[in-house]
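Student: Sequence first, then the predicted structure, then my questions.
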Amino acid sequence: RAHAPTRSWSLKDFEMGRPLGKGKFGRVYMVRTAVGQSKGYIIALKCMYKNELVHHKVEKQLRREIEIQMNLRHPNILRLHGYFHDEGRVFLMLEFAGKGELYKLMNKLPDRRFNEKTAAQYIAQMADALSYLHSKHVIHRDIKPENLLLGIRGELKIGDFGWSVHAPGNRRTTMCGTLDYLPPEMVEGRQHGEAVDLWALGVLCYEFLDGVPPFEEVESQSMTYKRIASVDLHIPSHFSDEVANLVSSLVRKNPEERLPLSRVLRHPWIQRYDPDAA
Ligand SMILES: COc1ccc(C(=O)Nc2ccccc2)cc1NC(=O)CCSc1ncnc(N)c1Br
């Protein structure tokens, strides 16, 4: 198998292609694995500088992530095929997602909204991927549009595992990026488990349909905190009753009360658009 992790790879095994876009701590390129004559494979090669990883104190987290991800196989989770390093850099051999970054597609839509059929298919795919991760006691903890990619058939792929941990988690390093997807137990720095991904799934569903996340306060982060902690959720009138019910069942203060993924996949709103989801 071309990507057998046992054989060691080096940069000379690849034909460099165009830059693909953002990546945590590094740049990502489209590359082809076979140099010269034979067809080879297109993959996404992520290049990170060791000294930058050391500077941000994330080398341990990267090792842990590689450990976790080398064993993950799911159609809605971007594959990590392998990794290698040279004296100054670490390289991740990633599956190439043929239709790119979801948030770029969202930004092209009028008011960034998907219709309910598309949103339901995406949420069903996310629920499928999350139940696979949770079955391996992995919490993603950073579900948001910026971390989602689209495969060549338009299927969603969880594409960037900057913060996945084995449950139960208790984040030590500070967060960067948006707070919009954090549940109350995380904004209050409490113990948290897999249910943080259920909250985020509800927030994601809301944003797919309304174009903005439910607790967004562009002006003030502290206001976003307060709205999350008090679950200050207002369901827009254009939401169907079924999806209003699904979002309200996931975006709950008490983690135990959030709808389990098995019930999400069987929810009437999902079943209406994706009957073979469960
Ligand atoms: C399984 O995917 C990952 C697994 C791990 C990490 C990572 O950096 N971890 C990490 C890095 C430093 C410290 C701690 C964790 C990142 C990714 N993924 C990515 O970086 C996505 C690159 S963008 C892209 N990829 C494919 N096809 C496209 N069309 C695009 Br656009």
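Tutor: Arrived safely, thanks for sending.
Student: Mind listing what's buried along stretch 240-247?
Tutor: By neighbour count with 16 or more other C-beta atoms under 10 Å, stretch 240-247 contains the buried residues 242, 243, 244, 245, 246, 247. C-beta: built from backbone N, CA, C; applies to glycine.
Student: what sits up against it?
Tutor: 116, 119-120, 123, 202, 205-206, 209, 214, 233, 235, 239, 259, 264, 267-270, 272 (C-beta atoms under 8 Å, 6 or more residues apart in numbering).
Student: now stretch 94-109
Tutor: Residues outside stretch 94-109 that contact it (C-beta under 8 Å, 6+ apart): 20-22, 28, 30, 42-46, 78-81, 112, 114, 145-146, 148-152, 154, 156-157, 159, 211.
Student: quick one on the thing from earlier: now, of the contacts of stretch 240-247, which are buried?
Tutor: 116, 119-120, 123, 202, 205-206, 209, 214, 233, 235, 239, 259, 264, 267, 269-270.
Student: Do a quick rundown of the strands in the stretch 51-200 of the chain.
Tutor: Counting by DSSP state E, counting those that start in this stretch, one finds strands in the stretch 51-200 of the chain at the ranges 80-85, 89-94, 138-139, 148-150, 156-158, 165-166.
Student: okay if I get the ones you listed as JSON lines plus mean neighbour count and distance to residue 56?
Tutor: Putting the strands of the stretch 51-200 of the chain into JSON lines (neighbours: other C-beta atoms under 10 Å; distance: least, C-beta to C-beta, whole Å) gives the following:
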{"stretch": "strand 80-85", "mean neighbour count": "19", "distance to residue 56": "17"}
{"stretch": "strand 89-94", "mean neighbour count": "21", "distance to residue 56": "13"}
{"stretch": "strand 138-139", "mean neighbour count": "23", "distance to residue 56": "21"}
{"stretch": "strand 148-150", "mean neighbour count": "23", "distance to residue 56": "23"}
{"stretch": "strand 156-158", "mean neighbour count": "23", "distance to residue 56": "22"}
{"stretch": "strand 165-166", "mean neighbour count": "16", "distance to residue 56": "17"}
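Student: ok, which residues in this structure are in contact with the ligand?
Tutor: Applying C-beta under 6 Å from any ligand atom, one finds that the chain approaches the ligand through 20-21, 23-25, 28, 44, 46, 58, 61-62, 65, 69, 78, 80, 92, 94, 96-97, 100-101, 149, 159-162.
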